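Engineer: Give the three-dimensional model of this entry:
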Amino acid sequence: VQAHRAMARAEPPGGKAGRGRLKAFRQSFLVAFAVRIDERLADAAQLALAQAGRGNGDDGTEPADLLPVLASRDEQIRETMHRVFPHTVRVRATRVDSREGWDSGRQAADRAALPTDFNRGR
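Structural biologist: Predicted coordinates for the structure are as follows:
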């Protein structure tokens, strides 16, 4: 939702003459957004693991206790993905033909709100 809203605000004017340009912009925007969100989530995961490794035990969890929890969570996520999206297939990567779309997508992903605690509200 955040990606589509940001893309709608950033995309260049379309029209018949710019249909190809608009399509390239949108594809590039969405690929860049996804790539940057992946980078941000990977950074957050690494930070969480590093902080857990330095854990002071305030929450009663030692770093070694986290590995089974993380593995279990990973398995739950994979099972849910396969249940919700049972027919996913691998496809060739989408071409990135618009530098403007790429840059706009990465900037939008940097502004996107990501949850800081995935267990909050449960």
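Engineer: least trustworthy helix or strand in this structure by mean pLDDT?
Structural biologist: Of all helical and strand segments in the chain, the minimum by mean pLDDT, DSSP states H and E falls on helix 63-84, at a mean of 77.
Engineer: Could you list the buried residues of the next helix or strand after that one?
Structural biologist: Using DSSP states H and E, the helix or strand that follows helix 63-84 in sequence is helix 99-111. Residues of helix 99-111 classed as buried: 101-102, 104-109 (neighbour count, 16 or more other C-beta atoms under 10 Å). From N, CA and C alone the C-beta is placed, and that goes for glycine too.
Engineer: As TSV, these with pLDDT and distance to Leu49 would be great.
Structural biologist: Listed next are those as TSV, based on pLDDT from 0 to 100; distance: C-beta to C-beta, whole Å:
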residue	pLDDT	distance to Leu49
Gly101	93	33
Trp102	94	29
Ser104	96	31
Gly105	96	27
Arg106	96	25
Gln107	96	27
Ala108	96	27
Ala109	96	22
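Engineer: and those residues, which two are the farthest apart?
Structural biologist: Of all pairs drawn from those, the greatest distance, 12.4 Å, lies between Gly101 and Ala109 (C-beta to C-beta).
Engineer: shared neighbours of those two, anything?
Structural biologist: Ala32 (C-beta atoms under 8 Å, 6 or more residues apart in numbering).
Engineer: list the helices and strands whichever strand or helix holds Leu49 packs on?
Structural biologist: Using DSSP H and E, Leu49 falls within helix 19-53. Secondary-structure packing of helix 19-53 (3 or more C-beta pairs under 8 Å, 6 or more residues apart in numbering; DSSP states H and E): helix 2-10, helix 63-84, helix 99-111.
Engineer: Kindly compare burial across those helices and name the winner.
Structural biologist: When the helices and strands packed on helix 19-53 are scored by mean count of other C-beta atoms under 10 Å, the highest mean neighbour count falls to helix 99-111 (a mean of 18).
Engineer: Setting aside sequence neighbours, what's the nearest residue to the spatially most central residue of the chain?
Structural biologist: Central residue of the chain (C-alpha atoms, centre = their mean): Ile37, 3.4 Å from the mean position. Spatial nearest neighbour of Ile37, excluding adjacent residues (C-beta to C-beta, 6 or more residues apart in numbering): Ala109 at 5.0 Å.
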